[in-house]
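Chemist: Predicted structure and sequence below. I'll ask about it afterward.
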Amino acid sequence: MEEDDRKRRMALISIVLRSRHQIILKTGTEWEIMLNWSEATFARHLRISKHQFEYLLTKLQENGLHTDHTQGRTPVPDTKKVLIFLWYMANQNSFREISDKFDVSQSAAHGIIHQVLTIMSGIGNTFISWPNACEKAASAAAFHRVCGLDGVIGAIDGCHIRVQRPPIRGGDYMNRKAYYSVLLQGIVDDRARFIDIFAGPLGRVHDARMLRSSTFFTQWQKMGERCLLGDSAYIGHAFPFIKTPRRDNGALTVEDLRHNSKISQGRVIVENAFGRMKCKWRCLRDLQNTRIDIVVMIIMSACFLHNMCIAASAVCPEHRLAAQGRTITMSRLIFTVEKLLNIFTLTMHSLSVVIDVYLLYSVCTNDNVLPKLNASPFSSPQYGFEQLNIYFP
């Protein structure tokens, strides 16, 4: 009897293996359990809180996420669609893994993610907007406390998003770091919240050229008397609204070094914003898509989600200690540099006083020193010490 049952099972297995239809085993039939996770577990896997999840679900439903069921298979619930979208954004899973995780086909997973991305791209003004007068004043005060510069309401920089080589003009996406990428230009306020973004340029494009191609460049007059902080890529007369560091040509003064230090202290916030976004929404670390329109929608959606989360969690929980360590180290470094600059200034001032006293003493005690005052080898401007117009025997 047992031998017959074993033979029947083996025969059924052989029939299944010889079948032309693909047999897919789904393990994610109990996806509803995600909604019963604790707050910490939910945020660790989906990168947002339950309250933010409900807010995002409501916004998407208001803009056309829901689908009416007329005939055929039961459609995927809206809650499940948002869970699939967030799982895709927060991880580096393939569509095969997502289809197994949520018990849907690969084509359905792709269609759901594309549907949500399309809706997200249409409601960008809900998450990113240019600050009003009160917000500008608050940002200017915050940047003044951080770096000591007046009139600054934000920081601007570019970021590379790694992609697969596109089929059209693929070589143009190779950047100077020798990998294919799409550029993202971001302007952030004092809270590292995006107030303007521009995504899609080729990876080989320079940051200055990307800024000239953006819509913000044609509307920068809306800043009024305010300005932004930028790195050396934006040095030039074409960007009068950006404060940039002075080029290090080997002749920077103490004041120039202090100015560059202030620029760096304020500008680092935009680099931190890019780092936090890539840490939280990990699909940006290596996008496997080759369609640039979808890549741009993914980047924009990540920026929208970043702004939605920035008020509740400014630092990724997994990297909070590392961020605090870097902040403490940078603060100590800045304090040390400023202290050394102050010591150098005091030393030069003391040296000048000593030389003045020596000159006065020499004039009073030795009249022969007077004819030598204009015959000094230090009188050349190349030394930068024109006050040492005396030859020391």
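Modeler: Received, thanks.
Chemist: Name the residue closest to the centre of this protein, please.
Modeler: Among the residues of the chain, residue 274 comes closest to the average C-alpha position under CA atoms, centre = their mean, at 1.3 Å.
Chemist: Could you pull out the strands in the stretch 201-350 of the chain for me?
Modeler: 227-229, 242-243 (DSSP state E, counting those that start in this stretch).
Chemist: which of those is buried the deepest?
Modeler: Mean neighbour count, computed with mean count of other CB atoms under 10 Å, is highest for strand 227-229 among the strands of the stretch 201-350 of the chain, reaching a mean of 25. Where C-beta positions appear, they are placed from N, C-alpha and C, glycine not excepted.
Chemist: what's in contact with it?
Modeler: For strand 227-229, contacts defined as CB atoms under 8 Å, 6 or more residues apart in numbering pick out 143, 147, 149, 151-156, 187, 241-243, 263, 266-267, 270.
Chemist: and what of stretch 105-121?
Modeler: 24, 60, 63-65, 76, 81-82, 84-85, 88, 95-96, 98-99, 102, 104, 294, 297-298, 300-301, 304.
Chemist: Just the buried ones among those residues, please.
Modeler: Buried members of these, scored by 16 or more other CB atoms under 10 Å, are 60, 65, 76, 81-82, 84-85, 88, 95, 98-99, 102, 104, 294, 297-298, 300-301, 304.
Chemist: Next step: the residues you listed restricted to helices.
Modeler: In helices, judged by DSSP state H, the following of the buried ones among the contacts of stretch 105-121 are found: 60, 81-82, 84-85, 88, 95, 98-99, 102, 294, 297-298, 300-301, 304.
Chemist: Which one of those is nearest to residue 218?
Modeler: residue 300 (19.6 Å; CB to CB).
Chemist: give the contact list for the closest one.
Modeler: 120-121, 124, 197, 199.
Chemist: neighbour-wise, which of those residues leads?
Modeler: Counting neighbours by other CB atoms under 10 Å, residue 120 leads the contacts of residue 300 with 25 neighbours.
Chemist: I'd like to check the angle between the helix or strand harbouring that one and helix 95-102, please.
Modeler: Per DSSP states H and E: residue 120 is located in helix 106-122. Orientation check (axes from the mean of the first three to the mean of the last three CA atoms, to 10 degrees): helix 106-122 against helix 95-102 gives 90 degrees.
Chemist: Let's test this: mean pLDDT of helix 106-122, rounded?
Modeler: Taken as a whole, helix 106-122 carries a mean pLDDT of 95.
Chemist: Next secondary structure element downstream of it?
Modeler: helix 133-147.
Chemist: I'd like to know which elements that next one is packed against.
Modeler: Judged by 3 or more CB pairs under 8 Å, 6 or more residues apart in numbering; DSSP states H and E, helix 133-147 is in contact with strand 152-162, helix 254-280.
Chemist: can I assume residue 181 sits in a strand?
Modeler: Yes. Counting by DSSP: H, G, I helix; E, B strand; the rest coil, residue 181 falls inside a strand.
Chemist: beta partners of it?
Modeler: residue 162 (DSSP bridges).
Chemist: what about it, neighbour count?
Modeler: Neighbours around residue 181, by other CB under 10 Å: 21.
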